[in-house]
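Colleague: Sharing a sequence plus its predicted fold:
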Amino acid sequence: MDWCVVYTNVNKETIAEKNLIGQNFITYMPKYKKIISHARKISMVIKPLFTRYLFVNVDLVAQRWPIINSTYGVNAIISMEGKPVIISEEIINKIKLCEKPDENINVVPYSFMTKGDEVNILEGVFSGKKGIFNGLTDDNRVKVLFNLLGKEVTLSVSRISLAG
């Protein structure tokens, strides 16, 4: 059995995965939680880590792998010279090692921020206030410095409560 990469139609990763599973293929689509902020509403959605791609475990000798290309939701299996490109088991296992117990990859959305950057608080008691990004806590909450009554105070807030 070899891992191959399937290129899906736009926003059809989940449909392609469901249809491939229905054809007795083993699939793997790593996902992460994405924070979406729109019109003062913040929500979290589960998204594919690799947009428009998923992995399929195929026996290239015993299985009829060309039917993958005609599966609803699939654009094409990534191929070279008429044969699917093989991804090593080691790469798949390294991706799986990044998954948390909820089967999602932990992608830190504030990795582009550095200490000292100004942030806006979107929710809670400090909604509408500005603070200074001061890093992440061990449980991936955000440390924010505030100047309250002339004294610097560090608060820990949820990541979905901030905007850069």
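Modeller: Received it, and whenever you're ready, just let me know what you need.
Colleague: State the distance from the residue positioned nearest the centre of the chain to Met44.
Modeller: Among the residues of the chain, the one closest to the centroid is Tyr32, at 2.7 Å (C-alpha atoms, centre = their mean). Using C-beta to C-beta, to the nearest Å, one obtains 10 Å as the distance from Tyr32 to Met44. Bear in mind the C-beta positions are built from the backbone N, C-alpha and C, glycine included.
Colleague: what's the helix or strand for the residue nearest to the centre of the chain?
Modeller: Per DSSP states H and E: Tyr32 is located in strand 31-38.
Colleague: And that strand, what does it pack against?
Modeller: Here strand 31-38 touches strand 41-48, going by 3 or more C-beta pairs under 8 Å, 6 or more residues apart in numbering; DSSP states H and E.
Colleague: strands paired with the strand it packs on, and their directions?
Modeller: Strand 41-48 pairs in its sheet with strand 31-38 (antiparallel), by DSSP bridges.
Colleague: For Lys115, grab phi and psi.
Modeller: When quoted as degrees, to the nearest 10, the phi and psi of Lys115 stand at phi -50, psi 130.
Colleague: my guess is it meets Val142, correct?
Modeller: No - in this structure, Lys115 is not within contact of Val142 by C-beta atoms under 8 Å, at 11.4 Å.
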